[in-house]
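Chemist: Need coordinates for the following:
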Amino acid sequence: QVQLVESGGGLVQAGASLKLACVASGRTDSTYSMAWFRQAPGKEREFVAVINWSAGNTYCADSVKGRFTISRDNAKNTVYLQMNSLKPEDTAVYYCAFANRGALMSFRDWYEYWGQGTQVTVSS
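Modeler: Okay, the predicted model is just below:
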């Protein structure tokens, strides 16, 4: 079992920045990936970014490329999502996800564990 706890959400104005964090605990294989997804009201949960834990390779959705950056701190078992130049359309609940496989995948079913989510609200 892997437990994920997100933090860092909040209410900000358009153009501001936020940094989300997700701490992973529990059993993990030597190769795994962690990702961020988001879900706006009335919409499907969508992929945001993913990182391979051992190599540090990343992949981001086109909608956030150039504004959001995913990174990790191995010593703290923590993955981050730095969000800059936030827009009202970035408003959503942001979820951390974990897969006991290292490939960089953007579809939800690839991920075995999920956090509870953290709310990000961007006002115009």
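Chemist: end to end, how far does stretch 10-21 reach?
Modeler: Distance between the two ends of stretch 10-21: 12 Å, counting by CA to CA, to the nearest Å.
Chemist: Then stretch 42-57?
Modeler: 32 Å.
Chemist: Any chance you could list what contacts that stretch?
Modeler: With contacts defined as CB atoms under 8 Å, 6 or more residues apart in numbering, stretch 42-57 is touched by 30-39, 58-61, 64, 68-72, 74, 79, 81, 92, 94-95, 102-108. Bear in mind the C-beta positions are built from the backbone N, C-alpha and C, glycine included.
Chemist: Let's see the ChimeraX selection covering just the buried ones among those residues.
Modeler: ChimeraX command restricting these to the buried ones, with burial defined by 16 or more other CB atoms under 10 Å:
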select :32,33,34,35,36,37,38,58,59,60,61,64,68,69,70,72,79,81,92,94,95,102,104,105
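Chemist: Okay, and which of the contacts of stretch 42-57 map to strands?
Modeler: Those of the contacts of stretch 42-57 mapping onto strands are 33-39, 58-60, 68-72, 79, 81, 92, 94-95, per DSSP state E.
Chemist: so where is this structure shaky, pLDDT-wise?
Modeler: Low-confidence segments of the chain, defined by pLDDT under 70: 28-30.
Chemist: Can you pull up the most central residue in it?
Modeler: Central residue of the chain (CA atoms, centre = their mean): W36, 2.1 Å from the mean position.
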